[in-house]
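Colleague: Could you work out the structure for the sequence below:
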Amino acid sequence: MNWFTTQKSSDQPVRPDEVHMWFTLMNSGEVTAEDKAEFAAWRLENPGLYERYKTLEKTWDMAKDVIPSMPPGLAEVEAGSIKYSRVLAALAACLLIFFFVRPTDAPAPSPHTAYQTAISQIDRVNLEDGSQVLLNARSDMKVAMSTLRRDITLNEGEALFSVAHDKHRPFVVKARNGEVQAIGTEFNVDIRNDFVHVVVLEGVVKVTRYDENGENPNVLIARAGEEISYGGAHPGKSEKIALKTVAEPAEAVAWQEGKLIFNGDKLQDVVEEIGRYTNTPISIADESLKELSLYGIFNARDTEGILAAISSALPVTIEHRGEEIILLRKKAVA
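Modeller: This next block holds a predicted model:
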């Protein structure tokens, strides 16, 4: 049994440098039929790692000219039971790995590019892979592109993603304690009141929510016309992830046209939404008002008009206190 087989047959997890070990073995000059059979099986079971192996082969082909040739007369010399040719091959592979390959399964980290939008500002971002992102007001996003992944982090706000298809590079949007993975699709991610709402307009997405420790993933699949919502990473909310059908998915992205459509939205969500378009702080003084529902189509930048509609449709009084707007329960008329 060869040294690599011994490593693989142990009860320990496969070491992250198995690509390098396979490369060293296959270039040692002592490959057996058993080695070849095991390598063929490993290649089929690990297509991602095999891609790294092929990259290493190409790098080796370019760099092998700088590796010194074996000194004359030492081709058959053995030290103990290890042949010089094998030692040289292993050494060359190790040198090559050190200079050209990072000894990890993860791709080299890419620098993040940050994007922020101000109050009442909507911005379009064209990514290098052909994907497009429309950032709503008061949003904060970071993008990191590599040869293996496309990682987006939405820290705050809302964004509409139109994803260019690339089966070799997953497109993953991280939002709070979850992530959305999509392939060639269009979806909207909205962070409001410690909840994340994902509405799919086209294609399919996979949403994974983690608990407060970043563990115990809970996975749901959403297709066009469906919405997945999950709560923040706090004790007691670990299982709070839900899937539902959306009657009008386009309403979720009406903000790109400067409209806000509320179809039974809770007042606390309405207040946070309109807060993206005004410098004036708005708060709800009475907790019992937060669960009230509002219906209507509004101009996103007409804060006073929306507040007037709230006061007219709901038992709410709008009060201005200095530079702040307070929503109070309307007193009953005697």
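Colleague: which stretches of the protein aren't confidently modelled?
Modeller: 1-17, 59-111, 233-239, 333-334 (pLDDT under 70).
Colleague: all helices of it, in order?
Modeller: 3-8, 18-26, 33-45, 47-63, 84-100, 267-274, 303-313 (DSSP state H).
Colleague: Do I have it right that Gln121 meets Gly157?
Modeller: No - the pair Gln121 / Gly157 is not scored as a contact, 10.6 Å apart, by CB atoms under 8 Å. Heads up, the C-betas are built off the backbone N, CA and C, glycines and all.
Colleague: Which one of those two is surrounded by more residues?
Modeller: Neighbour count, other CB atoms under 10 Å: between Gln121 and Gly157, Gly157 has more, with 20 against 14.
Colleague: for the more buried one, what are its contacts?
Modeller: Residues near Gly157 by CB atoms under 8 Å, 6 or more residues apart in numbering: 117, 135-141, 190-191, 276.
Colleague: can you check Gly184 too?
Modeller: Applying CB under 8 Å, 6+ apart, we find Gly184 in contact with 163-165, 203.
Colleague: For those, pick the one with the most neighbours.
Modeller: Val163 (25 neighbours).
Colleague: do you know how far it is from Leu56?
Modeller: 30 Å (CB to CB, to the nearest Å).
Colleague: hang on, the earlier thing: out of the contacts of Gly184, who's nearest Ala40?
Modeller: Set against Ala40, the nearest of the contacts of Gly184 by CB to CB is His165 (30.5 Å).
Colleague: for the spatially closest residue to that closest one that is not a sequence neighbour, phi and psi?
Modeller: Nearest residue to His165 in three dimensions, chain neighbours excluded: Gly184, at 3.4 Å (CB to CB, 6 or more residues apart in numbering). Backbone torsions for Gly184, taken as degrees, to the nearest 10, come to phi 60, psi 60.
Colleague: pretty sure Ile325 is in contact with Ile310, am I right?
Modeller: No - the criterion here is CB under 8 Å, and Ile325 misses it with Ile310 at 10.6 Å.
Colleague: These two: who's more crowded?
Modeller: The neighbour count for Ile325 versus Ile310, taken as other CB under 10 Å, is higher for Ile310 (23 against 19).
Colleague: With Lys330 as the reference, measure out to the nearest residue to the more buried one once chain neighbours are set aside.
Modeller: With sequence-adjacent residues excluded and distances taken as CB to CB, 6+ apart, Ile310 is closest to Val316, at 5.4 Å. As judged by CB to CB, Val316 and Lys330 stand 6 Å apart.
Colleague: Between those two, point out the one with more neighbours.
Modeller: A direct count of neighbours by other CB under 10 Å for Val316 and Lys330 places Val316 higher, at 20 against 14.
Colleague: distance of that one from Arg276?
Modeller: From Val316 across to Arg276, the span is 20 Å (CB to CB).
Colleague: again, but for Asp35
Modeller: Asp35 is 61 Å from Arg276, by CB to CB.
Colleague: between those two, which one's more packed in?
Modeller: Counting neighbours by other CB under 10 Å for Asp35 and for Arg276 shows that Arg276 has the greater number, 23 against 17.
Colleague: what sits against the more buried one?
Modeller: 119-120, 136-138, 157-158, 300.
Colleague: next one: Ile152
Modeller: Taking CB under 8 Å, 6+ apart as the test, what Ile152 contacts is 133, 141-144, 161, 171-174.
Colleague: any chance of these in TSV, plus distance to Thr245?
Modeller: Listed next are the contacts of Ile152 as TSV, based on distance: CB to CB, whole Å:
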residue	distance to Thr245
Val133	25
Met141	28
Lys142	32
Val143	31
Ala144	33
Phe161	20
Phe171	24
Val172	24
Val173	22
Lys174	25
